[in-house]
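J.: quick check, what structure comes out for this input:
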Amino acid sequence: MSRRTIGIVLMILGLLAAAGEVFQIDFPTARWFFNVSREVPVLGIGEDTQVRAAGANVEEKANEEEGKREGEAGEKKEEGKKRFLWFGWLSSIVMTGGGGWLVFRSFTNGAPDPVTLRRIKRFKEIKRGYYSFLILVGLAFLAALDQVVVGDEALAVRYKGKWSFPAFSPKQFKGSDFGIEGEMADVNVKNYRMLKKKLKDEKEVSQGRVIMPLIPYAPTNDTLGPQSRGMVLRQGKYYEAGSRSPYFGLAATYHNLDDGKFHMRYTLRDGVFSGAVDGWDEAGEKVYNAEYLNGEKVKENFTGKGDLEVFLGIKSGELRAVKYHPAPPNWEEKNWLGTTSQGLDVVAYLYGGLQVNFKAAMIFLPIVYLVGITVGMLMGYIGGLFDLIMDRLIEVFSNVPFLFVVIIFSSFVPEKFRGLPVILTILIVFGWMGIAALMRTAAYRDKERDYISAARVLGAGTPRIIFRHLLPNTVAIIVTLVPFTMSSLVSSMTALDYLGYGLPAKYATWGRLLNDGLANLSAPWLVSSTFFVLVGLLVLITFVGEAVREAFDPKKYSFYR
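T.: Alright, predicted model coming up:
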């Protein structure tokens with residue numbers, strides 16, 4: 001990926017973030033910077049306030065003879081103070097300015113360095129690393145699509161000729177906006193999947209249409225009800241659809257399958273009713289219970305209204321196998337890898353974890369390398385007391401048990417402040433030292449060479465010598481380290497989340513999903529899917545790192561006279 005391409009991507013992302021905040025549009029990925037500013041108190045200044053006059057909508061009561069008089073008509077509103085989201089605006093400015101600078105430099109730098117071109121050519125010849133890099137770029141692009149791919153909000157809703165875009169609007173749409181009547185008319189629409197089914201009814205086809213993301217579930221805060229699968233009756237025994245073995249477990253009929261309201265719930269063993277049976281009326285009150293033994297009813301009790309035979313005959317749907325969470329994969333409901341023990345879709349959760357890892361890398365890598373390179377270069381070039389103090393500091397921090405310290409600091413952070421910025425801050429404190437040590441060695445090696453002496457004679461200052469002369473000659477070390485630093489970041493975050501000291505539950509993390517899978521070994525799809533994506537990502541990063549290390553090996557493209 002060229003410098004110009006990276007610059008253009010950064011400029012677009014920064015401009016979309018700023019435009020989205022100004023025009024109230026939630027662009028994919030770009031919305032994240034301002035959303036984080038709203039969620040983390042220290043990343044914004046002030047508070048959102050909206051003061052209303054105390055005398056608004058007051059009805060003054062008088063005597064019955066004089067009647068009732070209304071107070072001052074209407075509502076009196078005062079302009080509220082809006083919170084200044086400095087982190088979001090700073091991120092937008094940095095991305096737009098940095099991207100513009102990269103694009104400008106790509107036009108003014110002239111012809112590329114032939115050594116760099118040979119290194120890139122060599123990297124492309126190492127197919128394993130090059131294809132892994134392309135896959136990582138594809139995964140990053142997929143993660144950047146955000147709510148377009150995974151989400152519980154509709155991408156677009158057409159109702160009576162009017163289009164709405166809930167996934168891209170911070171506005172909360174009410175049920176009345178889409179023809180929902182009754183007590184749900186003035187309530188914000190939370191379940192667009194149900195709305196889609198409603199508008200698909202025969203009477204509503206001409207009036208509306210709902211377009212959902214490819215995976216219509218949110219990574220978190222989208223708990224699903226118990227899942228169900230169709231069953232078939234063969235030779236007096238019930239079988240789960242597609243299975244050759246008689247069914248063992250719970251099965252039910254429904255008053256309303258879309259709402260998940262049970263009518264009757266049965267216990268089956270070896271494909272026949274055997275065990276407790278419960279029944280509910282349409283209001284959700286339990287009015288029936290019975291006991292079966294090898295397909296024969298041995299007792300029953302009915303406390304509902306009306307005739308028992310009529311109640312038993314109310315079946316709006318066929319008998320279906322009930323799957324409580326964690327539920328196995330269900331292609332009917334598009335739960336392609338099943339659900340977690342909390343009722344979250346596994347595919348959506350894995351996607352959310354992928355997004356968290358890429359977002360963390362976007363913040364962690366630039367800061368760690370900026371600090372590590374600067375400190376390491378200064379240590380190697382200046383030396384003396386500064387080098388001695390920083391070297392001792394690095395030694396002390398290096399001997400501290402990293403995982404224990406992170407756990408201790410994480411446990412002391414209040415719940416309202418916990419989030420990705422806090423965890424990354426803790427990781428950054430320990431992440432720059434290895435890079436600084438390598439850059440110190442490189443600076444010590446090169447600072448006495450002729451080109452540095454020539455720069456000093458010409459009057460170049462310390463910052464210019466470090467960043468214009470020393471740094472370009474250590475680019476091979478930096479580029480080689482980046483993939484392995486990202487691999488270490490993913491492993492550290494997964495370990496912390498697995499132990500319960502990482503990100504809060506509002507974030508989808510692979511470590512928490514792995515913990516859930518190990519706590520529910522009867523649901524192998526949890527562990528297997530998490531293991532596959534985690535190991536797959538780490539292997540891809542490792543392949544890229546090995547290919548970069550081989551392609552950028554200075555011994556292949558330099559020699560001494």
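
J.: return the residues in contact with the spatially closest residue to residue 542 that is not a sequence neighbour.
T.: Spatially, and ignoring its direct neighbours in sequence, residue 542 is nearest to residue 487 (6.3 Å; C-beta to C-beta, 6 or more residues apart in numbering). The C-beta positions use only the backbone N, C-alpha and C, and glycine is treated the same way. For residue 487, the contacting residues are 538, 541-542, 545, by C-beta atoms under 8 Å, 6 or more residues apart in numbering.

J.: rerun that using 7 Å as the cut-off
T.: By C-beta atoms under 7 Å, 6 or more residues apart in numbering, the residues touching residue 487 are 538, 541-542.

J.: show me which residues of the helix or strand hosting residue 516 are buried.
T.: Residue 516 is located in helix 510-519, with elements delineated by DSSP states H and E. If you call a residue buried by 16 or more other C-beta atoms under 10 Å, then helix 510-519 has these buried ones: 510-517.

J.: so where does residue 264 fall, helix or strand?
T.: Secondary structure (DSSP H and E) places residue 264 in strand 261-269.

J.: how far away is the residue most central in space within the chain from residue 219?
T.: Geometric centre of the chain, nearest residue: residue 352, 2.9 Å, by C-alpha atoms, centre = their mean. Applying C-beta to C-beta, to the nearest Å, the value for residue 352 to residue 219 is 3 Å.

J.: kindly report the same for residue 141.
T.: For residue 141 relative to residue 219 (C-beta to C-beta), the value is 18 Å.

J.: ditto for residue 135
T.: Relative to residue 219, and taking C-beta to C-beta, residue 135 is found at 21 Å.

J.: quick one, which of the two is more surrounded?
T.: residue 219 (25 against 15; other C-beta atoms under 10 Å).

J.: what sits against that one?
T.: 150, 348-349, 351-352, 508.

J.: check residue 477 too.
T.: Per C-beta under 7 Å, 6+ apart, neighbours of residue 477: 438, 442.

J.: let me see the backbone angles for it.
T.: Torsion angles at residue 477 (phi, psi; degrees, to the nearest 10) stand at phi -60, psi -40.

J.: could you do residue 410 as well?
T.: Backbone geometry at residue 410, expressed as degrees, to the nearest 10, gives phi -60, psi -40.

J.: how about it, nearest residue that isn't a chain neighbour?
T.: Using C-beta to C-beta, 6+ apart, the nearest residue to residue 410 is residue 501, at 4.5 Å.

J.: give the buried residues for the longest helix along the chain.
T.: Counting residues, the longest helix found in the chain (DSSP state H) is helix 346-382. Applying a neighbour-count criterion of 16+ other C-beta under 10 Å, one finds 346-361, 363-365, 368-369, 371-381 buried in helix 346-382.

J.: quick revisit: what is the helix holding residue 516 packed up against?
T.: Helices and strands touching helix 510-519, by 3 or more C-beta pairs under 7 Å, 6 or more residues apart in numbering; DSSP states H and E, are helix 346-382, helix 475-499, helix 524-551.

J.: looking at the ones you listed, which is closest to residue 258?
T.: The closest of the helices and strands packed on helix 510-519 to residue 258 is helix 346-382. By C-beta to C-beta, the value is 19.9 Å.

J.: who does that closest one touch, helix- and strand-wise?
T.: Short answer (3+ C-beta pairs under 7 Å, 6+ apart): helix 346-382 packs on helix 127-144, helix 384-399, helix 420-431, helix 433-446, helix 475-499, helix 510-519, helix 524-551.

J.: mind giving me the packing neighbours of the first one?
T.: The elements that helix 127-144 packs onto, with contact taken as 3+ C-beta pairs under 7 Å, 6+ apart, are helix 114-125, helix 346-382, helix 524-551.

J.: hmm, residue 547 is touching residue 122, no?
T.: No - applying C-beta atoms under 7 Å, one finds residue 547 not in contact with residue 122, separated by 8.8 Å.

J.: how about the strands in the stretch 51-200 of the chain?
T.: All strands of the stretch 51-200 of the chain, identified by DSSP state E, counting those that start in this stretch, fall at 59-60, 69-70, 156-159, 162-164.

J.: check the stretch 201-350 of the chain too.
T.: Counting by DSSP E, counting those that start in this stretch, the strands of the stretch 201-350 of the chain are 208-211, 227-234, 237-240, 249-256, 261-269, 272-273, 275-280, 286-293, 296-302, 320-323.

J.: just to revisit the earlier point, run through the neighbouring helices and strands of the strand holding residue 264.
T.: Using 3+ C-beta pairs under 7 Å, 6+ apart: strand 261-269 touches strand 249-256, strand 275-280.
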